[in-house]
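>>> I would like the atomic coordinates for the input below:
(chains A and B)
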Amino acid sequence: MKAMMNAKVEIDNVTKIYSGNKKNSQVLALDTTSLKIMPNEFITILGPSGCGKSTLLRVVGGLEEQTTGHVYLDGEEVFGPSSNRGMVFQAYSLFPWLTVEENIEFGLKNNGMTAAQRKEVVHTYIELVRLNGFEKHYPKQLSGGMQQRVAIARALANDPEILLLDEPFGALDNQTRTLMQELLLEIWEKSNKTILFITHDVEESIFLANRVIVMTSRPGRIKADIPIDLEHPRPYNIKVSPRFLEYKEQLTELIREESLKAMMEVK
Amino acid sequence: MEKLVKTEEVVKRPPLIPLQNKRNGKPKSRKWLQPQENIPHRLYIGISISSIVLLFAVWSLLTYSGMVDPLFLPTPTEIIHSGVILFTEFGFINDISITIYRVLAGFTIAVIIGLPLGILMGTFKVVEAFFEPVISSIRYMPASAFIPLFILWIGVGELEKITIIFVGTFFSLVLMTAVEVANVRRELLEAAYTLGRSNFGVLRSVILPASIPGIMEIIRLILGWAWSYIIVAELVASSSGIGSLILESQRMLKTGNIIFGILTIGVLGLLSDLILKVSIRKMFPWHYGR
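Numbers count the residues shown, from 1 in each chain, chains lettered A, B, ... in the order given. Sure, this is the predicted structure:
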């Protein structure tokens, strides 16, 4: 299978069925899903909770095995997790026994760098996420927003081909979340990484992305693929611009239908 | 204009603060019986000390006044006296050291074998499936009940005492370690995988460091049990150690010695606990510190 147009990541007809302990207790979490992620794209996946969007991300990250279908990175099929697909989790994924700089250094230890080189890389990423002065702190001593900045720096320090973020700002308060969005966007503008970002927040999905993928409620399927045509760099006040609000209206409508369906389904 | 006047009126109202002060200023005693409410630190210490003082007072009253036969309960001075004699004339220090030796030997062997086994059980389901049924069932058989069997098998020497400590501590140590290790957050393992670690690398660089503080707490807890097992072991068929001294003293009606022996064991247990507690806190500042 050759990927056309050199997609960075290609998700090809992936499904995921969770099978419970009992017979016939199978749950289709992710229905046949295909998606091409181009190099340097910032894609957000928007969906109601429990729609299988995290499952999709975890399949790409190799943390979960798809039931059918394939995932390709630069045209080569991937199996299992690897450092070429960096991951940022919702919260509490830092190693509590390591300091900020040791956390960021963690992934560098198995790619043959000297201690001096590692130190330099760590320093670069500490600057990137503006944590100077906190190098020797333990995760416990940091606020939630700072912890997520370390998690982003740790994933980026490994120089992955794609960065996968699973609702990384979901546990943060509104103000911190807004600042983190700006920081992440700034990092993306500087580094031109390919990013796949999961969220259930409409505003967040538009503000960050150049493509928003809307997913249906369970079973998860791609419902809409909406390119976001907003300028870069994006100032924070773009969120009140008419074009932004148009997108917001459109996406809110799409996601509302799904949330309603999801709500009814629970019973 | 009217609105302005109204706001002024509001401002002119008597401030609420004095009222609140009055409420806050009520004697703290009110809070003593409020569930889970903190009390002042000094008060806490004071009450703690008073309980010990009270115990001594009751003890002294009962014994010095002659209300209780000294055969059942000697006076505090008599017990200190027996202690001095035990150390100076009966080489009590040897008994203490042999008891410490047995506890440490048995427990060290249990840790050396039990820790790796527990870690493997907590990490790999295959290992757990194999060992869990046997270990869980032996765990609830009291170690002291095995004493006659061990005497039959290996005699009454040092090995028997050490074996009892081993059996008394090993099985719980393995199971508790396995649970601690299995509870390492999954996100940490997944983060390590996406940072390029292998299965073995995750065991070494995530599972071990993440669970070590908890494992040390388990060791601390179980070492406490070892002190009671050793006394049981020494009460049955032993010619040395604190337990055998307690038994001999009972035969000779030396109540002071019995109590002094019990106190010694208590102090030993407390000391080992304290040493571990302090060193654990020092070793893992990331786990406890702020």
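
>>> so where does B:Ile109 fall, helix or strand?
B:Ile109 belongs to helix B:92-123 when assigned by DSSP states H and E.

>>> Got phi/psi on A:Pro235?
Main-chain torsions, A:Pro235, degrees, to the nearest 10: phi -70, psi 160.

>>> which residues does it contact?
Residues near A:Pro235 by C-beta atoms under 8 Å, 6 or more residues apart in numbering or on different chains: none. For every residue, glycine as well, the C-beta is placed using N, CA and C.

>>> Could you pull out the buried residues of the helix holding B:Ile109?
Judged by neighbour count using 16 or more other C-beta atoms under 10 Å in any protein chain shown, the buried positions of helix B:92-123 are B:92, B:95-96, B:98-100, B:102-107, B:109-111, B:114-115, B:117-123.

>>> In contact with residue 261, which residues are there?
No chain was given, so I picked chain A. Contact analysis of A:Lys261 by C-beta under 8 Å, 6+ apart lists A:48, A:216-217.

>>> I was after chain B.
B:242-243, B:245-246, B:249.

>>> Among those, which lie within helices?
B:242-243, B:245-246, B:249 (DSSP state H).

>>> so which of those comes closest to chain A?
Chain A has its nearest neighbour among those in B:Ile242, at 38.9 Å by C-beta to the nearest C-beta.

>>> Tally up the residues packed near the closest one, please.
Residues lying near B:Ile242 (other C-beta atoms under 10 Å in any protein chain shown) number 25.

>>> go on, A:Lys109?
Using other C-beta under 10 Å, A:Lys109 has 16 other residues around it.

>>> Isn't it up against A:Ala115?
No: between A:Lys109 and A:Ala115 there is no contact under C-beta atoms under 8 Å: 9.8 Å.

>>> How about the very next helix or strand once past the helix holding B:Ile109 and chain A, touching?
Under the assignment DSSP H and E, the closest C-terminal helix or strand after helix B:92-123 is helix B:125-139. No: applying C-beta under 8 Å from any C-beta of the partner chain, one finds helix B:125-139 separated from chain A by no less than 14.7 Å.

>>> what's in contact with the next helix or strand after helix B:125-139?
Once helix B:125-139 ends, the next helix or strand along the chain (criterion: DSSP H and E) is helix B:147-154. Here helix B:147-154 makes contact (C-beta under 8 Å, 6+ apart) with B:160, B:163-164, B:167, B:232-233, B:236-237.

>>> Pull out the buried positions in the helix or strand just after helix B:147-154.
Later in the chain than helix B:147-154, the nearest helix or strand by DSSP H and E is helix B:158-182. Buried positions in helix B:158-182, judged by neighbour count with 16+ other C-beta under 10 Å: B:158, B:160-178, B:180-182.

>>> Would you list the phi and psi of B:Phe200?
For B:Phe200, the backbone dihedrals (degrees, to the nearest 10) come out as phi -70, psi -40.

>>> Spell out which parts of the stretch 151-267 of chain A neighbour chain B.
Going by C-beta under 8 Å from any C-beta, the residues of the stretch 151-267 of chain A near chain B are A:151, A:154-155, A:158, A:164.

>>> low pLDDT regions in the stretch 151-290 of chain B?
For the stretch 151-290 of chain B, the stretches with pLDDT under 70 are B:289-290.

>>> Please repeat the previous calculation with a cut-off of 50.
Confidence mapping of the stretch 151-290 of chain B against pLDDT under 50 gives the ranges B:290.

>>> so where's the stretch 151-267 of chain A uncertain?
In the stretch 151-267 of chain A (pLDDT under 50), the answer is A:267.

>>> can you give me the helices in it?
Along the stretch 151-267 of chain A, counting by DSSP state H, counting those that start in this stretch, helices occupy A:174-191, A:202-208, A:242-265.

>>> Which neighbouring elements make contact with the second one?
Meaning helix A:202-208. Helix A:202-208 is packed against strand A:42-46, helix A:174-191, strand A:194-199, helix A:242-265, with contacts defined by 3 or more C-beta pairs under 8 Å, 6 or more residues apart in numbering or on different chains; DSSP states H and E.

>>> Tell me, how many residues neighbour A:Val78?
Residues within reach of A:Val78, counting by other C-beta under 10 Å, total 19.

>>> so it makes contact with A:Tyr72?
Yes: at 6.9 Å, A:Val78 and A:Tyr72 qualify as touching, with contact defined as C-beta under 8 Å.

>>> what about the nearest residue to B:Arg220 once chain neighbours are set aside, how many residues close to it?
Among residues not flanking B:Arg220 along the chain, B:Leu276 sits closest, at 4.3 Å (C-beta to C-beta, 6 or more residues apart in numbering or on different chains). A count of neighbours around B:Leu276, defined by other C-beta under 10 Å, yields 17.

>>> which SS class is B:Leu276?
The three-state label given to B:Leu276 by DSSP: H, G, I helix; E, B strand; the rest coil is helix.

>>> surely it meets B:Ile222?
No: the pair B:Leu276 / B:Ile222 is not scored as a contact, 10.7 Å apart, by C-beta under 8 Å.

>>> end-to-end on stretch A:16-29?
Stretch A:16-29 has an end-to-end distance of 6 Å (C-alpha to C-alpha, to the nearest Å).

>>> That stretch near chain B at all?
No: with C-beta under 8 Å from any C-beta as the criterion, chain B is not reached by stretch A:16-29; the gap is at least 14.7 Å.

>>> Identify the residue spatially nearest to the residue of the stretch 101-250 of chain A found nearest chain B, adjacent ones excluded.
Residue nearest to chain B within the stretch 101-250 of chain A: A:Gly107 (3.4 Å; C-beta to the nearest C-beta). In space, and not counting its chain neighbours, A:Gly107 is closest to B:Leu195: 3.4 Å by C-beta to C-beta, 6+ apart.

>>> any idea how far A:Thr67 is from the one you found?
Distance from B:Leu195 to A:Thr67, counting by C-beta to C-beta, to the nearest Å: 26 Å.

>>> likewise B:Gln36?
Separation of B:Gln36 from A:Thr67 (C-beta to C-beta): 49 Å.

>>> Looking at the two, which one has more neighbours?
Neighbours were counted for B:Gln36 and for A:Thr67 using other C-beta under 10 Å; A:Thr67 has more, 16 against 4.

>>> How about the contacts made by B:Pro35?
By C-beta under 8 Å, 6+ apart, B:Pro35 has no neighbours at all.

>>> wait, isn't B:Ser205 in contact with B:Ala192?
Yes: assessed by C-beta under 8 Å, B:Ser205 is found in contact with B:Ala192 at 6.7 Å.

>>> quick one, domains of chain B?
B:23-65, B:90-288 (automatic domain parsing).

>>> Actually, chain A.
Residue ranges for the domains of chain A, per automatic domain parsing: A:4-84+A:160-265, A:94-159.

>>> possible to save those as CSV with distance to B:Pro133?
As requested, the domains of chain A are exported to CSV (distance: least, C-beta to C-beta, whole Å):
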stretch, distance to B:Pro133
domain A:4-84+A:160-265, 20
domain A:94-159, 33
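
>>> right, and those domains - which one's nearest B:Pro142?
domain A:4-84+A:160-265 (35.4 Å; C-beta to C-beta).

>>> A:Thr176: what's it in contact with?
Going by C-beta under 8 Å, 6+ apart, A:Thr176 touches A:143-145, A:169.
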